[in-house]
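J.: Sequence first, then the predicted structure, then my questions.
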Amino acid sequence: MKIIISGSIAYDYLMSFPGRFQEHILPDQIDRLSVSFLVDTLSKRRGGIAPNIAYTLALLGERPLVMATAGHDFGEYRDWLEDHGVDTSAVVEIPDLFTASFFVNTDLDNNQIASFYTGAMAFAHTLSIAEHAGGSADLVVISPDDPRAMVKRAEECSALGIPYIYDPSQQIIRLSAEQLAAGIRDCLLLIVNEYEFGMVQENTGWTEDEVVTHAGGLIITLGEAGSRLLIGEAEHHIPTVPPDRIADPTGVGDAFRGGLLRGYSLGLPWEVAGRMGSVAAAYVLEQLGSQSHQYTRAEFVARYRQHFDDDGSLDALLS
Ligand SMILES: Nc1ncnc2c1ncn2[C@@H]1O[C@H](COP(=O)(O)OP(=O)(O)OP(=O)(O)O)[C@@H](O)[C@H]1O
Ligand SMILES: [Mg+2]
(Lines give C-alpha, C1' and ligand atoms only; values in the text may rest on other atoms or scores of the structure.)
(Ligands and ions follow the chains in the order given, each with its own letter.)
Protein backbone atom coordinates (compact mmCIF):
# COMPACT_ATOMS: atom_id res chain seq x y z
CA MET A 1 0.00 0.00 0.00
CA LYS A 2 1.37 3.43 -0.88
CA ILE A 3 1.04 5.62 2.21
CA ILE A 4 2.17 9.25 2.17
CA ILE A 5 2.88 10.80 5.56
CA SER A 6 2.76 14.57 5.32
CA GLY A 7 3.85 16.52 8.40
CA SER A 8 6.66 18.30 10.16
CA ILE A 9 10.29 17.23 10.25
CA ALA A 10 12.25 18.66 13.17
CA TYR A 11 15.28 18.29 15.35
CA ASP A 12 14.79 18.51 19.09
CA TYR A 13 17.60 20.12 21.10
CA LEU A 14 17.13 19.18 24.73
CA MET A 15 19.09 20.89 27.48
CA SER A 16 18.99 20.52 31.24
CA PHE A 17 19.78 23.28 33.67
CA PRO A 18 21.14 22.02 37.01
CA GLY A 19 19.35 24.76 38.96
CA ARG A 20 16.00 26.50 39.24
CA PHE A 21 14.91 29.14 36.75
CA GLN A 22 12.90 30.97 39.38
CA GLU A 23 16.04 31.70 41.40
CA HIS A 24 17.53 33.57 38.44
CA ILE A 25 14.55 35.55 37.26
CA LEU A 26 14.10 38.71 39.30
CA PRO A 27 10.42 39.68 39.36
CA ASP A 28 11.17 43.39 39.82
CA GLN A 29 13.47 43.39 36.76
CA ILE A 30 11.06 41.52 34.50
CA ASP A 31 10.69 44.48 32.11
CA ARG A 32 14.44 44.20 31.35
CA LEU A 33 14.65 40.44 31.29
CA SER A 34 17.96 39.13 30.03
CA VAL A 35 18.99 35.75 31.35
CA SER A 36 21.45 33.12 30.30
CA PHE A 37 21.55 29.64 31.77
CA LEU A 38 24.69 27.55 31.72
CA VAL A 39 23.50 24.05 30.89
CA ASP A 40 25.46 20.88 31.40
CA THR A 41 23.71 18.49 29.03
CA LEU A 42 22.59 18.89 25.45
CA SER A 43 21.16 16.18 23.25
CA LYS A 44 19.96 16.45 19.69
CA ARG A 45 17.21 14.09 18.64
CA ARG A 46 15.45 13.30 15.43
CA GLY A 47 11.84 14.35 15.65
CA GLY A 48 8.92 15.79 13.76
CA ILE A 49 5.56 14.12 13.35
CA ALA A 50 5.94 12.66 9.86
CA PRO A 51 9.19 10.72 10.48
CA ASN A 52 7.91 9.58 13.88
CA ILE A 53 4.81 7.96 12.36
CA ALA A 54 6.79 6.65 9.38
CA TYR A 55 9.46 5.09 11.60
CA THR A 56 6.95 2.88 13.44
CA LEU A 57 5.21 1.98 10.17
CA ALA A 58 8.55 0.92 8.70
CA LEU A 59 9.39 -1.19 11.77
CA LEU A 60 6.12 -3.01 11.07
CA GLY A 61 7.04 -3.71 7.45
CA GLU A 62 5.55 -0.82 5.47
CA ARG A 63 7.62 1.53 3.31
CA PRO A 64 5.90 4.89 3.88
CA LEU A 65 6.74 7.98 1.87
CA VAL A 66 7.43 11.08 3.96
CA MET A 67 6.38 14.33 2.28
CA ALA A 68 7.83 17.42 3.94
CA THR A 69 10.39 20.19 3.73
CA ALA A 70 13.66 20.09 5.69
CA GLY A 71 16.81 22.21 5.82
CA HIS A 72 20.43 21.90 4.71
CA ASP A 73 21.15 19.98 7.93
CA PHE A 74 18.84 17.10 6.95
CA GLY A 75 21.43 14.85 5.25
CA GLU A 76 22.27 12.51 8.12
CA TYR A 77 18.60 12.31 9.12
CA ARG A 78 17.68 11.33 5.56
CA ASP A 79 20.32 8.57 5.54
CA TRP A 80 19.12 7.31 8.89
CA LEU A 81 15.47 7.17 7.81
CA GLU A 82 16.35 5.42 4.55
CA ASP A 83 18.43 2.87 6.51
CA HIS A 84 15.33 2.20 8.59
CA GLY A 85 12.99 1.63 5.68
CA VAL A 86 11.41 5.06 5.21
CA ASP A 87 11.16 6.52 1.69
CA THR A 88 12.38 10.13 1.85
CA SER A 89 12.16 10.88 -1.87
CA ALA A 90 9.40 13.44 -1.22
CA VAL A 91 11.43 15.36 1.38
CA VAL A 92 12.61 18.57 -0.25
CA GLU A 93 15.61 20.37 1.25
CA ILE A 94 15.47 24.17 1.39
CA PRO A 95 19.13 25.12 0.95
CA ASP A 96 19.38 28.33 2.97
CA LEU A 97 17.42 27.25 6.01
CA PHE A 98 17.77 24.90 8.95
CA THR A 99 15.34 22.07 9.54
CA ALA A 100 12.58 23.12 11.97
CA SER A 101 14.15 23.03 15.43
CA PHE A 102 12.72 22.77 18.91
CA PHE A 103 15.00 24.09 21.67
CA VAL A 104 13.98 23.31 25.21
CA ASN A 105 15.76 23.88 28.50
CA THR A 106 14.43 22.05 31.55
CA ASP A 107 15.32 22.93 35.14
CA LEU A 108 15.38 20.82 38.31
CA ASP A 109 11.67 21.53 38.95
CA ASN A 110 10.78 20.38 35.42
CA ASN A 111 9.98 23.95 34.41
CA GLN A 112 10.75 24.51 30.76
CA ILE A 113 11.73 27.41 28.55
CA ALA A 114 11.33 26.52 24.90
CA SER A 115 11.43 27.98 21.41
CA PHE A 116 10.31 26.41 18.16
CA TYR A 117 11.98 27.66 15.01
CA THR A 118 9.93 26.84 11.92
CA GLY A 119 12.84 27.05 9.47
CA ALA A 120 12.33 24.95 6.36
CA MET A 121 8.91 23.78 7.55
CA ALA A 122 7.47 27.15 6.50
CA PHE A 123 7.92 26.00 2.88
CA ALA A 124 5.88 22.80 3.19
CA HIS A 125 2.96 24.47 1.42
CA THR A 126 5.08 24.76 -1.73
CA LEU A 127 4.99 20.96 -2.14
CA SER A 128 2.21 19.10 -3.86
CA ILE A 129 1.23 15.45 -4.10
CA ALA A 130 0.99 15.86 -7.87
CA GLU A 131 4.50 17.20 -8.29
CA HIS A 132 6.47 15.69 -5.40
CA ALA A 133 4.78 12.41 -4.51
CA GLY A 134 3.85 10.86 -7.83
CA GLY A 135 0.29 12.18 -7.96
CA SER A 136 -1.35 9.15 -6.39
CA ALA A 137 -1.49 7.14 -3.19
CA ASP A 138 -3.73 4.67 -1.41
CA LEU A 139 -3.73 6.81 1.73
CA VAL A 140 -2.37 10.15 2.90
CA VAL A 141 -1.87 11.13 6.53
CA ILE A 142 -2.16 14.89 7.11
CA SER A 143 -0.24 15.58 10.30
CA PRO A 144 0.80 18.83 12.01
CA ASP A 145 2.88 20.97 9.67
CA ASP A 146 2.86 24.48 8.29
CA PRO A 147 -0.90 25.29 8.47
CA ARG A 148 -1.03 26.32 4.79
CA ALA A 149 0.41 22.94 3.84
CA MET A 150 -2.25 21.13 5.86
CA VAL A 151 -5.04 23.02 4.11
CA LYS A 152 -3.46 22.40 0.72
CA ARG A 153 -2.94 18.67 1.35
CA ALA A 154 -6.61 18.18 2.28
CA GLU A 155 -7.77 20.07 -0.82
CA GLU A 156 -5.45 18.10 -3.03
CA CYS A 157 -6.53 14.73 -1.59
CA SER A 158 -10.17 15.65 -2.16
CA ALA A 159 -9.48 16.76 -5.73
CA LEU A 160 -7.47 13.61 -6.50
CA GLY A 161 -9.91 11.31 -4.70
CA ILE A 162 -7.25 10.01 -2.27
CA PRO A 163 -8.53 8.95 1.17
CA TYR A 164 -6.78 10.73 4.01
CA ILE A 165 -6.44 10.52 7.76
CA TYR A 166 -6.73 13.93 9.32
CA ASP A 167 -4.42 14.42 12.30
CA PRO A 168 -4.46 18.19 13.00
CA SER A 169 -3.34 17.93 16.66
CA GLN A 170 -1.46 20.99 17.95
CA GLN A 171 -2.16 22.95 14.78
CA ILE A 172 -5.93 23.05 15.46
CA ILE A 173 -5.40 26.49 16.96
CA ARG A 174 -3.76 27.70 13.74
CA LEU A 175 -6.63 26.57 11.48
CA SER A 176 -9.80 28.60 11.00
CA ALA A 177 -13.13 26.94 11.83
CA GLU A 178 -13.86 26.66 8.08
CA GLN A 179 -10.48 25.09 7.32
CA LEU A 180 -10.90 22.61 10.17
CA ALA A 181 -14.45 21.72 9.14
CA ALA A 182 -13.35 21.25 5.51
CA GLY A 183 -10.50 18.95 6.59
CA ILE A 184 -12.90 16.86 8.68
CA ARG A 185 -15.71 16.74 6.13
CA ASP A 186 -13.69 14.91 3.49
CA CYS A 187 -11.49 12.70 5.64
CA LEU A 188 -11.59 8.95 6.06
CA LEU A 189 -10.88 9.34 9.74
CA LEU A 190 -10.16 12.11 12.22
CA ILE A 191 -7.68 11.31 14.99
CA VAL A 192 -7.12 13.57 18.00
CA ASN A 193 -6.53 13.32 21.73
CA GLU A 194 -9.25 14.18 24.22
CA TYR A 195 -8.14 17.77 24.72
CA GLU A 196 -7.84 18.38 21.01
CA PHE A 197 -11.29 16.90 20.48
CA GLY A 198 -12.65 19.54 22.86
CA MET A 199 -11.06 22.21 20.66
CA VAL A 200 -12.49 20.61 17.52
CA GLN A 201 -15.99 20.71 19.02
CA GLU A 202 -15.56 24.28 20.15
CA ASN A 203 -14.22 25.50 16.78
CA THR A 204 -16.68 23.69 14.55
CA GLY A 205 -19.68 23.79 16.89
CA TRP A 206 -20.29 20.12 16.08
CA THR A 207 -21.34 17.49 18.59
CA GLU A 208 -19.52 14.17 18.75
CA ASP A 209 -22.23 12.53 16.62
CA GLU A 210 -21.96 15.30 14.06
CA VAL A 211 -18.18 14.92 13.86
CA VAL A 212 -18.54 11.16 13.30
CA THR A 213 -21.15 11.77 10.61
CA HIS A 214 -19.02 14.34 8.82
CA ALA A 215 -15.70 12.52 9.19
CA GLY A 216 -16.86 8.98 8.63
CA GLY A 217 -14.68 7.86 11.52
CA LEU A 218 -13.27 9.34 14.71
CA ILE A 219 -10.50 8.16 17.00
CA ILE A 220 -10.00 9.87 20.34
CA THR A 221 -6.89 8.89 22.26
CA LEU A 222 -7.17 9.07 26.04
CA GLY A 223 -3.58 8.72 27.28
CA GLU A 224 -3.18 5.81 29.67
CA ALA A 225 -6.95 5.22 29.52
CA GLY A 226 -6.54 3.99 25.93
CA SER A 227 -8.61 5.13 23.00
CA ARG A 228 -12.10 5.21 21.54
CA LEU A 229 -12.70 4.23 17.94
CA LEU A 230 -15.99 5.44 16.48
CA ILE A 231 -16.24 4.13 12.96
CA GLY A 232 -19.59 4.20 11.20
CA GLU A 233 -22.11 2.72 13.63
CA ALA A 234 -19.54 0.85 15.71
CA GLU A 235 -17.69 1.97 18.81
CA HIS A 236 -14.68 0.16 20.24
CA HIS A 237 -12.83 0.92 23.42
CA ILE A 238 -9.16 0.02 23.08
CA PRO A 239 -7.19 -0.52 26.29
CA THR A 240 -3.52 0.32 26.67
CA VAL A 241 -0.60 -2.05 27.00
CA PRO A 242 1.39 -1.40 30.19
CA PRO A 243 4.91 -0.22 29.42
CA ASP A 244 7.73 -1.90 31.40
CA ARG A 245 8.86 1.61 32.39
CA ILE A 246 8.12 5.15 31.24
CA ALA A 247 11.38 6.71 30.10
CA ASP A 248 9.90 9.48 27.97
CA PRO A 249 6.36 10.12 26.70
CA THR A 250 7.53 12.00 23.58
CA GLY A 251 6.06 10.55 20.41
CA VAL A 252 3.52 8.25 22.07
CA GLY A 253 0.68 9.60 19.94
CA ASP A 254 2.73 9.20 16.76
CA ALA A 255 3.68 5.60 17.56
CA PHE A 256 -0.01 4.84 18.21
CA ARG A 257 -0.83 6.19 14.74
CA GLY A 258 1.95 4.12 13.17
CA GLY A 259 0.67 0.90 14.73
CA LEU A 260 -2.94 1.67 13.84
CA LEU A 261 -2.03 2.50 10.24
CA ARG A 262 -0.17 -0.75 9.79
CA GLY A 263 -3.28 -2.62 10.90
CA TYR A 264 -5.29 -0.61 8.40
CA SER A 265 -2.84 -1.28 5.56
CA LEU A 266 -3.06 -5.01 6.27
CA GLY A 267 -6.86 -4.78 6.06
CA LEU A 268 -7.31 -5.93 9.66
CA PRO A 269 -10.45 -5.08 11.68
CA TRP A 270 -10.30 -1.61 13.27
CA GLU A 271 -10.30 -3.17 16.72
CA VAL A 272 -7.11 -5.09 15.92
CA ALA A 273 -5.55 -2.02 14.30
CA GLY A 274 -6.34 0.04 17.41
CA ARG A 275 -4.72 -2.54 19.67
CA MET A 276 -1.66 -2.52 17.42
CA GLY A 277 -1.56 1.21 18.12
CA SER A 278 -1.57 0.48 21.87
CA VAL A 279 1.31 -2.00 21.53
CA ALA A 280 3.35 0.43 19.40
CA ALA A 281 2.72 3.20 21.95
CA ALA A 282 3.99 1.06 24.84
CA TYR A 283 7.31 0.49 23.05
CA VAL A 284 7.96 4.19 22.50
CA LEU A 285 7.24 5.05 26.14
CA GLU A 286 10.03 2.73 27.24
CA GLN A 287 12.80 4.62 25.39
CA LEU A 288 14.17 8.15 25.39
CA GLY A 289 13.16 9.89 22.17
CA SER A 290 10.48 9.22 19.60
CA GLN A 291 12.49 7.00 17.23
CA SER A 292 14.67 5.01 19.64
CA HIS A 293 12.43 1.97 20.01
CA GLN A 294 13.18 -1.20 18.11
CA TYR A 295 11.53 -4.57 17.73
CA THR A 296 11.10 -7.29 15.19
CA ARG A 297 7.67 -8.01 13.79
CA ALA A 298 7.70 -11.35 15.60
CA GLU A 299 8.41 -9.60 18.92
CA PHE A 300 5.61 -7.13 18.24
CA VAL A 301 3.11 -9.93 17.52
CA ALA A 302 4.20 -11.84 20.63
CA ARG A 303 3.67 -8.74 22.78
CA TYR A 304 0.25 -8.14 21.22
CA ARG A 305 -0.73 -11.73 21.99
CA GLN A 306 0.29 -11.37 25.64
CA HIS A 307 -2.55 -8.87 26.01
CA PHE A 308 -5.08 -9.42 23.24
CA ASP A 309 -6.59 -12.07 21.03
CA ASP A 310 -6.28 -11.64 17.27
CA ASP A 311 -7.72 -14.96 16.06
CA GLY A 312 -4.51 -15.45 14.12
CA SER A 313 -5.05 -12.35 11.98
CA LEU A 314 -1.64 -10.93 12.92
CA ASP A 315 0.02 -13.81 11.09
CA ALA A 316 -0.33 -11.39 8.15
CA LEU A 317 2.35 -9.24 9.77
CA LEU A 318 4.80 -12.12 9.90
CA SER A 319 4.64 -13.27 6.32
N1 LIG B 1 0.87 5.88 30.15
C2 LIG B 1 0.53 5.14 29.09
N3 LIG B 1 0.60 3.81 29.15
C4 LIG B 1 0.29 3.05 28.08
N5 LIG B 1 -0.13 3.54 26.90
C6 LIG B 1 -0.23 4.88 26.78
C7 LIG B 1 0.09 5.75 27.86
N8 LIG B 1 -0.08 7.03 27.43
C9 LIG B 1 -0.52 6.93 26.15
N10 LIG B 1 -0.62 5.65 25.76
C11 LIG B 1 -1.07 5.17 24.44
O12 LIG B 1 -0.80 6.12 23.45
C13 LIG B 1 -2.02 6.59 22.85
C14 LIG B 1 -1.89 8.05 22.56
O15 LIG B 1 -1.67 8.73 23.77
P16 LIG B 1 -2.24 10.20 24.09
O17 LIG B 1 -3.72 10.17 24.12
O18 LIG B 1 -1.53 10.66 25.32
O19 LIG B 1 -1.77 10.98 22.79
P20 LIG B 1 -1.22 12.46 22.63
O21 LIG B 1 -1.75 13.32 23.73
O22 LIG B 1 -1.53 12.85 21.23
O23 LIG B 1 0.34 12.24 22.81
P24 LIG B 1 1.54 13.13 22.30
O25 LIG B 1 2.12 13.73 23.55
O26 LIG B 1 2.46 12.15 21.66
O27 LIG B 1 0.99 14.14 21.35
C28 LIG B 1 -3.11 6.23 23.83
O29 LIG B 1 -4.35 6.04 23.15
C30 LIG B 1 -2.57 4.93 24.41
O31 LIG B 1 -2.83 3.85 23.54
MG1 LIG C 1 -0.55 14.23 20.03
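T.: Received, thanks. Numbering: from 1, shown residues only. Ligands and ions are numbered 1, 2, ... in the order given.
J.: Residue numbers of the stretch 151-300 of the chain in contact with ligand 1?
T.: 193, 221-224, 226-227, 240, 243, 249, 251-254, 256, 277-278, 281-282, 285 (C-beta under 6 Å from any ligand atom). In short, each C-beta sits where N, CA and C put it, glycine included.
J.: List buried residues within the residues you listed.
T.: Taking 16 or more other C-beta atoms under 10 Å as the criterion, what is buried in these is 193, 221, 226-227, 240, 243, 251-254, 256, 277-278, 281-282, 285.
J.: if we look at ligand 2, which of these are close to it?
T.: Among these, proximity to ligand 2 is found for residue 253 (C-beta under 5 Å from the ion).
J.: Quick check: helices, which of the buried ones among the residues of the stretch 151-300 of the chain next to ligand 1 are part of them?
T.: Counting by DSSP state H, those place 252-254, 256, 277-278, 281-282, 285 in helices.
J.: ok, those residues vs residue 166, which is closest?
T.: Taking C-beta to C-beta as the measure, residue 166 lies nearest residue 253 of those, at 14.1 Å.
J.: could you check the distance from the closest one over to residue 240?
T.: Look at residue 253 and residue 240: by C-beta to C-beta, to the nearest Å, they are 13 Å apart.
J.: hang on, the earlier thing: would JSON lines of the ones in helices among the buried ones among the residues of the stretch 151-300 of the chain next to ligand 1 with pLDDT and distance to residue 7 be doable?
T.: Shown next, in JSON lines, are these (pLDDT from 0 to 100; distance: C-beta to C-beta, whole Å):
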{"residue": "252", "pLDDT": "97", "distance to residue 7": "16"}
{"residue": "253", "pLDDT": "97", "distance to residue 7": "12"}
{"residue": "254", "pLDDT": "98", "distance to residue 7": "9"}
{"residue": "256", "pLDDT": "98", "distance to residue 7": "15"}
{"residue": "277", "pLDDT": "98", "distance to residue 7": "17"}
{"residue": "278", "pLDDT": "98", "distance to residue 7": "21"}
{"residue": "281", "pLDDT": "98", "distance to residue 7": "18"}
{"residue": "282", "pLDDT": "98", "distance to residue 7": "22"}
{"residue": "285", "pLDDT": "96", "distance to residue 7": "21"}
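J.: need the contact list for the residue in the chain that ligand 2 sits nearest to.
T.: Distances between the chain and ligand 2 by C-beta to the ion are smallest at residue 253, namely 3.3 Å. Applying C-beta atoms under 8 Å, 6 or more residues apart in numbering, we find residue 253 in contact with 169, 193, 221, 281.
J.: again, only using 7 Å
T.: Listed by C-beta atoms under 7 Å, 6 or more residues apart in numbering, the contact set of residue 253 reads 193, 221.
J.: which residues are in contact with stretch 164-183?
T.: Under the criterion C-beta under 7 Å, 6+ apart, residues 139-144, 147, 150-151, 154, 157, 184, 187-192, 196, 199-200, 203-204, 257 lie in contact with stretch 164-183.
J.: Give me the distance from it to the chain's centre.
T.: Distance, stretch centre to chain centre, for stretch 164-183: 14 Å (C-alpha atoms, centre = their mean, to the nearest Å).
J.: Buried by neighbour count: which residues of it qualify?
T.: 164-169, 171-172, 175, 179-183.
J.: can you check stretch 242-250 too?
T.: By 16+ other C-beta under 10 Å, the buried positions in stretch 242-250 come out as 243, 248, 250.
J.: returning to that earlier point: go through the contacts of stretch 164-183 and flag which are in strands.
T.: In this view, these that belong to strands under DSSP state E are 139-142, 189-192.
J.: out of these, which one sits closest to ligand 1?
T.: Distance to ligand 1 across the ones in strands among the contacts of stretch 164-183 (C-beta to the nearest ligand atom) is lowest for residue 192, with 7.6 Å.
J.: Go ahead and confirm that closest one touches residue 222.
T.: No - here residue 192 does not reach residue 222: they are 10.8 Å apart, not a contact under C-beta atoms under 7 Å.
J.: who's in contact with residue 270?
T.: By C-beta under 7 Å, 6+ apart, the residues touching residue 270 are 229, 231, 236.
J.: Enumerate the residues of this structure near ligand 2.
T.: 169, 253.
J.: Point out where the chain drops to low pLDDT.
T.: Scanning the chain for pLDDT under 70 picks out no residues.
J.: which residues in it form strands?
T.: Secondary structure of the chain (DSSP E): strands located at 3-6, 10-16, 41-47, 65-70, 87-93, 100-106, 112-117, 139-142, 164-166, 189-193, 217-221, 227-231, 234-238.
J.: So among the ones in strands among the contacts of stretch 164-183, which ones count as buried?
T.: 139-142, 189-192.
J.: what's the spacing between the residue of the chain closest to ligand 2 and residue 259?
T.: Using C-beta to C-beta, residue 253 is found at 11 Å from residue 259.
J.: just residue 40 next, same as before
T.: 36 Å.
J.: gap between the two ends of stretch 113-133?
T.: For stretch 113-133, the separation between the terminal residues is 37 Å (C-alpha to C-alpha, to the nearest Å).
J.: before we move on, what about stretch 36-48?
T.: 27 Å.
J.: Good, we can wrap up now.
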